[in-house]
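> Return a 3D structure for these sequence lines:
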Amino acid sequence: MKIPILSILILTSFFLGCNPSSDKKQELVKVSRQMGEFETIDALWLIWPITDHKEGESVEKVTMAIIDALISDLRIVISCADDGVLKKAKSKLGEKYPDLKNLAFHVIPSVELWTRDMGPVFVETENGKHAIADFNFDSWGYSDTLDQSSRIEEKYDEKVAELFGLPLVSSTMISEGGNRELNGKGTLVVTEAVEQGRNPGMSKATMETEYQRLLGVTKTIWLKEGLLEDSHTFLGPLSTADAKKAYTVVTTNGHVDEFARFVNDSTLLLASIDSTELEDPIAQENHRRLEENFKILSNSTDQDGNPFKIVRLPLPQTILTTMGPGDYVYDYIKTLDYQDGSQFPEGETITVVAPASYLNFIITNTVILGQKYWREGMPEKIKMQDAEAKRILQAVFPEKKVILLDALAVNLGGGGLHCISMHQPKLLSNPQ
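Okay, the predicted model is just below:
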């Protein structure tokens, strides 16, 4: 869940100076590009989880499943919020992997586990070396850049830069990795509602200048809105197919990695809605948004003026569950002021909608790690949708093994597998 944890704020307050930017290692470097995620990587970064978003839904179990699927042929870097978390992570992983082969550990203060959004954005520079692009951070729009938890998360990538001895290319512009899809050759796809919502005082032209400076981008494609179930929770609950209300789970307001992904430098996967689901108001609104985005992409070209190949990948049907007092997400969203004037029914069980998507997958050198949703007792249609998602992913990644994991425990905090990971390209050397 994308909110602060008080105990970590206390433990990590020493890490912050009075001026959030005072100790940044700024160097004059010119960025040539950010690699596409489909290119060869050296490692995958994860943050070891310290809480569950809902009782009985283990985020640690999902993290272990990711490691199980990838550790045989990929280096996994685990960052831990403090020494206590480090000890726990090593103990847990040491039980299964006694020699800890292909595992690396670092203590890096953090509040949440969404590595994609505040983690290290490795970029290539014109002198053939690397740097880290360092955007500003405001807790996904739930706080501001001066909030203590925002400042802790914003410094995460700075710590990684120190580990590698890499320069920072920093900006006051707020942007999260989950809302930036790049083809590695200069084209960037973002959700306009997210980027402009985070930076209301910046024009798109100004933001494009920052994308170019930090990421080497020469072409930016602005998609309008993300998925409805990814709406900011404080906007108010959504109407469901049975005319009830469902709360979103501290979501981002429309990150692009939930609905549009590059699979190579010229092909995009774009989510779609099954026509049989259009009586569901959430699916109906998603259909409108996705088809608007499809038109934008269909009329767009890459950095060289070439059109994209667009492959449609259906979304799962709306996934609803319940939360109650004591659940981590519930105990946060009950504190929000709802802009639609609604009152949170504190003390009562609520319905929540998961940001469920087959597009929030991890790309590695040999494996595509995606999400599945069917569980015992659910409609058979969801099982069929899981199978169709796996089939399409295998078709667009024919040389890789496709593995789908039950990641609902992560989804219930506002993101998915892609959101909790960050790819590391081949570098000259790794920190010990």
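> Contacts only, for E181.
Counting by Cβ atoms under 8 Å, 6 or more residues apart in numbering, E181 makes contact with 188-190, 256-257, 260-262, 268. The C-beta positions use only the backbone N, C-alpha and C, and glycine is treated the same way.
> Just the pLDDT at it, thanks.
pLDDT for E181: 98.
> ok, for it, nearest residue in space, not its chain neighbours?
Nearest residue to E181 in three dimensions, chain neighbours excluded: V189, at 4.3 Å (Cβ to Cβ, 6 or more residues apart in numbering).
> how far away is I310 from K295?
11 Å (Cβ to Cβ, to the nearest Å).
> Where do the helices of this protein begin and end?
Here the chain has its helices, by DSSP state H, at 6-12, 59-70, 83-96, 115-118, 148-154, 156-164, 192-198, 204-215, 281-298, 328-333, 380-396, 408-411.
> what's the closest of the ones you listed to A104?
Closest to A104 of the helices of the chain, according to Cβ to Cβ: helix 156-164, at 10.1 Å.
> Report the rounded mean pLDDT for the closest one.
Averaging pLDDT along helix 156-164 gives 96.
> And stretch 301-320, by the same measure?
Stretch 301-320 shows a mean pLDDT of 98.
> Now do the buried residues in it.
By 16 or more other Cβ atoms under 10 Å, the buried positions in stretch 301-320 come out as 302, 308, 311, 313-320.
> can you check stretch 143-150 too?
143, 147-150.
> export the residues you listed to a markdown table and tack on distance to K426?
Conversion of these to a markdown table gives the following (distance: Cβ to Cβ, whole Å):
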| residue | distance to K426 |
| --- | --- |
| S143 | 35 |
| D147 | 35 |
| Q148 | 36 |
| S149 | 33 |
| S150 | 31 |
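> closest to T248 among those?
Of all the buried residues of stretch 143-150, T248 sits closest to S143, with 16.8 Å by Cβ to Cβ.
> so how far is Q196 from that closest one?
Distance from S143 to Q196, by Cβ to Cβ: 18 Å.
> go on, K185?
Going from K185 to Q196 by Cβ to Cβ gives 25 Å.
> swap in A283?
Taking Cβ to Cβ, one finds A283 at 25 Å from Q196.
> Please apply the same query to T351.
Using Cβ to Cβ, we find T351 at a distance of 30 Å from Q196.
> Settle it for me: which of A283 and Q196 has more neighbours?
Per other Cβ atoms under 10 Å, whichever of A283 and Q196 has more neighbours is A283, with 22 against 16.
> Once you drop chain neighbours, what's closest to the more buried one?
E277 is the one closest to A283 (Cβ to Cβ, 6+ apart), at 4.1 Å.
> List the contacts of that neighbour.
Neighbouring residues of E277 by Cβ under 8 Å, 6+ apart: 283, 317-318.
> With distance to D386 as new columns, can those residues be given to me in CSV?
Below are those laid out as CSV (distance: Cβ to Cβ, whole Å):
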residue, distance to D386
A283, 17
Q317, 11
T318, 15
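> Nearest to R289 among these?
Closest to R289, out of all of those and judged by Cβ to Cβ, is A283, at 10.8 Å.
> How about the contacts made by the closest one?
Contact partners of A283, counting by Cβ under 8 Å, 6+ apart, are 273-274, 277, 315, 317-318.
> One more pass at 7 Å, please.
By Cβ atoms under 7 Å, 6 or more residues apart in numbering, the contact list for A283 reads 273, 277, 318.
> Quick one: those as CSV, columns for distance to E176 too.
Below are the contacts of A283 laid out as CSV (distance: Cβ to Cβ, whole Å):
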residue, distance to E176
I273, 25
E277, 29
T318, 24
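> Closest one of the residues you listed to E399?
Checking the contacts of A283 one by one against E399 (Cβ to Cβ), the nearest turns out to be I273, at 29.3 Å.
> where does the closest one land on pLDDT?
We have a pLDDT of 97 for I273.
> Neighbours of the closest residue to it other than its chain neighbours, how many?
Spatial nearest neighbour of I273, excluding adjacent residues (Cβ to Cβ, 6+ apart): H287 at 4.1 Å. If you count neighbours by other Cβ under 10 Å, H287 ends up with 20.
> Please report how far H287 lies from I47.
34 Å.
> same check, this time on T252
17 Å.
> For these two, indicate the residue with more neighbours.
Looking at T252 and I47 with other Cβ under 10 Å, you find the greater number of neighbours at T252, namely 31 against 26.
> mind listing what that one touches?
By Cβ under 7 Å, 6+ apart, the residues touching T252 are 140, 178, 194, 230, 414.
> related to what we said a few turns ago, and the residue nearest to E181, bridged to which residues?
Under DSSP bridges, the beta-bridge partners of V189 are E181, I221.
> you'd agree it is up against V256?
Yes - between V189 and V256 a contact is recorded at 5.9 Å, counting by Cβ atoms under 7 Å.
> so what sits against both of these two?
181, 223.
> circling back to that earlier point, nearest to T63, of the contacts of A283?
The shortest gap between T63 and any of the contacts of A283 belongs to T318, at 25.8 Å (Cβ to Cβ).
> Tell me the span between the first and last residue of stretch 196-208.
Taking Cα to Cα, to the nearest Å, stretch 196-208 runs 12 Å from one end to the other.
> what mean pLDDT would you report for stretch 57-69?
98.
> Identify each buried residue in it, please.
Buried residues in stretch 57-69, counted by 16+ other Cβ under 10 Å: 57-60, 62-63, 65-67, 69.
> now do stretch 231-241
231-234, 236-238, 240-241.
> thinking again about what came up before, which among the contacts of T252 gets closest to I382?
For those, the nearest to I382 is D230 (19.1 Å; Cβ to Cβ).
> For burial, what's the neighbour tally of that closest one?
With other Cβ under 10 Å as criterion, D230 counts 26.
> contacting residues for it?
251-255, 258, 355.
> Throw the residues you listed into JSON lines and include distance to S79 and pLDDT, thanks.
Formatted as JSON lines, the contacts of D230 follow (distance: Cβ to Cβ, whole Å; pLDDT from 0 to 100):
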{"residue": "T251", "distance to S79": "23", "pLDDT": "98"}
{"residue": "T252", "distance to S79": "21", "pLDDT": "98"}
{"residue": "N253", "distance to S79": "26", "pLDDT": "98"}
{"residue": "G254", "distance to S79": "27", "pLDDT": "98"}
{"residue": "H255", "distance to S79": "21", "pLDDT": "98"}
{"residue": "E258", "distance to S79": "24", "pLDDT": "98"}
{"residue": "P355", "distance to S79": "23", "pLDDT": "98"}
